[in-house]
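Trainee: Need coordinates for the below:
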Amino acid sequence: VGFIGLIDHWIDLDLLKAVARRIAPAHLVLIGQARVDVSALASESNVHLLGRKAFSDLPAYCRAFDTALIPFLVNDLTRAVNPIKLREYLSAGLPVVSTPLPEIVPFADRPGTTLAAESESFVAAVVARLQNRVGPAERRQLSDAMTAESWEGRLASMLRTLDTIAPQEAK
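Mentor: Numbering: from 1, shown residues only. Predicted coordinates:
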């Protein structure tokens, strides 16, 4: 189970500790700079705090993950963020368990995305993902479903919209 990103005050460290304890002996891998005290996590034998990694190395880590996490606290700060990591994880073919940030809620019905508001339901969702791991074909489907989220996909969508508007304006 993995997380890639800055580990700061918006990350629910208690939630990560609960996940680590419940999934043991499976591993919880955290990649990114820690700007908060993570000693409580580091004391868990199955937690691996790897620090920052080169961007070019991240796909290899994603291939090794069975599930990715977005364990953000839901507060005034995080209600205003749009975590691109959801799109990155899904594009990498990873199922995601996330707290219900407003910008992630529209993805709740997409395959591979699980939102959980309460700690126990979040942990249970991670456990369920580990018990029902997605295979290579399902990972490819998760990744392919994100094609429209690429810059090329967004441009194509805008051009289609403009095509429907432009003929009306030409009249």
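Trainee: Residue ranges in the chain under the pLDDT threshold?
Mentor: Where the chain drops to pLDDT under 70, the residues are 166-171.
Trainee: residue ranges of the strands in it, please?
Mentor: Using DSSP state E, the strands found in the chain span residues 2-4, 28-31, 47-51, 68-70, 96-98, 113-115.
Trainee: And the second one, how far out from the chain middle?
Mentor: I take that to be strand 28-31. 12 Å (Cα atoms, centre = their mean, to the nearest Å).
Trainee: same thing with stretch 48-59?
Mentor: Distance of stretch 48-59 from the chain centroid (Cα atoms, centre = their mean) equals 15 Å.
Trainee: likewise stretch 90-103?
Mentor: Stretch 90-103 sits 4 Å away from the centroid of its parent chain (Cα atoms, centre = their mean).
Trainee: Please point out which parts of stretch 83-97 sit buried.
Mentor: Residues of stretch 83-97 classed as buried: 83, 85-86, 88-97 (neighbour count, 16 or more other Cβ atoms under 10 Å). Backbone N, C-alpha and C define where each C-beta goes, glycine included.
Trainee: which residues does the residue positioned nearest the centre of the chain contact?
Mentor: Residue closest to the average C-alpha location in the chain (Cα atoms, centre = their mean): Leu86, at 4.0 Å. Leu86 makes contact with 70, 96, 98, 104, 107, 113, according to Cβ atoms under 8 Å, 6 or more residues apart in numbering.
Trainee: Just send those back as TSV, with distance to Ala60 too.
Mentor: Listed next are the contacts of Leu86 as TSV, based on distance: Cβ to Cβ, whole Å:
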residue	distance to Ala60
Ile70	20
Val96	18
Ser98	23
Ile104	25
Phe107	25
Thr113	23
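Trainee: Closest to Arg139 out of the residues you listed?
Mentor: Distances from Arg139 to these, taken as Cβ to Cβ, are shortest for Val96 (12.1 Å).
Trainee: OK, contacts around that closest one?
Mentor: Shown in contact with Val96 (Cβ under 8 Å, 6+ apart): 67-70, 86, 89-90, 112-114.
Trainee: ok, 6 Å please
Mentor: Residues in contact with Val96, defined by Cβ atoms under 6 Å, 6 or more residues apart in numbering, are 68, 89, 113.
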